[in-house]
Each structure stands twice: as structure tokens, then as C-alpha cells.
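Enquirer: here is a sequence with its predicted model. Questions after.
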Amino acid sequence: MSLPAALALLIAGGACAAGAAGAVRASLGEPFELRVGERARLEAEGIEVEVELEAVISDSRCPVGVNCVWEGDAVARVALRVGPEAPETLELHTAARGPGAASHRGFGVRLLRLDPVRVEGTTLRQSDYRAFLEVRRAGRGPGE
């Protein structure tokens, strides 16, 4: 087998190891990263929890190098599914005045950071965004 073919098989195998349907594996109380359209799965006390970053529905954060009179806000829409029930759609804000965390069926999800930062004169696409999230039992951590 040629080196490029072997490398392609290795990369394909690694993609499969990430989980079914490209799901990111995450642990309760540990930060993880999602791109728009990606899901994270974790098992907590025998319950399967899934978080999907559906979209960044608005982004008015102050661009780098610009003096703004307010911090602005970005809103990430996530779907939180606990067990076999239908997912709950939640909106998480980057600004302190909006909720950066929300809970559903005893589990909370918190938006820790949203990348990339805005740069004046550029437009971010949905595929550019990366949300850093954390899932905890509701009432057991900052923001809950």
C-alpha cells in the first residue's frame, strides 16, 4: 500500500473514532468545542446528554481595534437533549446582560467563549464559529 493511501485510511479511521455521525465526545463538567452543526455526546449518571450548536443567530460584539460604547453580544442557539426526550432549544449570550447558561431536565449548558473575535471589515460565516461549552448537572457550577 502506498504511503498516501495508508495516510488516507488512517485519517478516515480517526474520523470514525470521533463518534457516530461526527459527534464530539465530551465529559460532564469539562469544556468542549463545537462548530455550527456539530454535536457533543456525553453520558452522565447513566443518562445520555447531547448538545448541538445549531447556529450563531446574531453577533454584535465589538470588533477588535474599534472603540465601542458597549460590549455587544453574540447569541448561540443550542439544542440540549437529555435522554430520549425531544431536544430543548436554548439561546446563550456572550454578554453579561444576557443568559450565558440555561438548563433543561436537570442539566445545564454554559457558553464559555465564542470564537473567532470580530474584526472590522470582515464578515463571519456560520462555518467560522466555534463555541466553547460546558455541561453540568443544573445547580452545580458557575452560571447555574
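Expert: Looks like it came in fine.
Enquirer: hey, let's count contacts and neighbours off CA atoms from now on
Expert: OK.
Enquirer: beyond the longest strand along the chain, next helix or strand please.
Expert: When the chain is scanned for its longest strand (criterion: DSSP state E), the result is strand 47-59. Next along the chain after strand 47-59, taking DSSP states H and E as the criterion, comes strand 74-82.
Enquirer: show me what that next one is packed against.
Expert: In terms of contacts (3 or more C-alpha pairs under 8 Å, 6 or more residues apart in numbering; DSSP states H and E), strand 74-82 is packed against strand 47-59, strand 88-93, strand 101-104.
Enquirer: which strands border it, and is each parallel or antiparallel?
Expert: Strand 74-82 has the following strand partners under DSSP bridges: strand 47-59 (antiparallel), strand 88-93 (antiparallel).
Enquirer: just put these in JSON lines and tack on mean neighbour count, mean pLDDT and distance to G100.
Expert: Formatted as JSON lines, the strands paired with strand 74-82 follow (neighbours: other C-alpha atoms under 10 Å; pLDDT from 0 to 100; distance: least, C-alpha to C-alpha, whole Å):
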{"stretch": "strand 47-59", "mean neighbour count": "18", "mean pLDDT": "97", "distance to G100": "13"}
{"stretch": "strand 88-93", "mean neighbour count": "19", "mean pLDDT": "98", "distance to G100": "5"}
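Enquirer: go through those and name the closest to G65.
Expert: In terms of C-alpha to C-alpha, the element of the strands paired with strand 74-82 nearest to G65 is strand 47-59, at 16.5 Å.
Enquirer: where are the low-confidence patches of the chain?
Expert: Judged against pLDDT under 70, the low-scoring parts of the chain cover residues 1-21, 140-144.
Enquirer: beta-bridge partners for R137, please?
Expert: The residues that R137 bridges to, once DSSP bridges is applied, are F107.
Enquirer: count the residues that sit near it.
Expert: For R137, the count of nearby residues is 17 (other C-alpha atoms under 10 Å).
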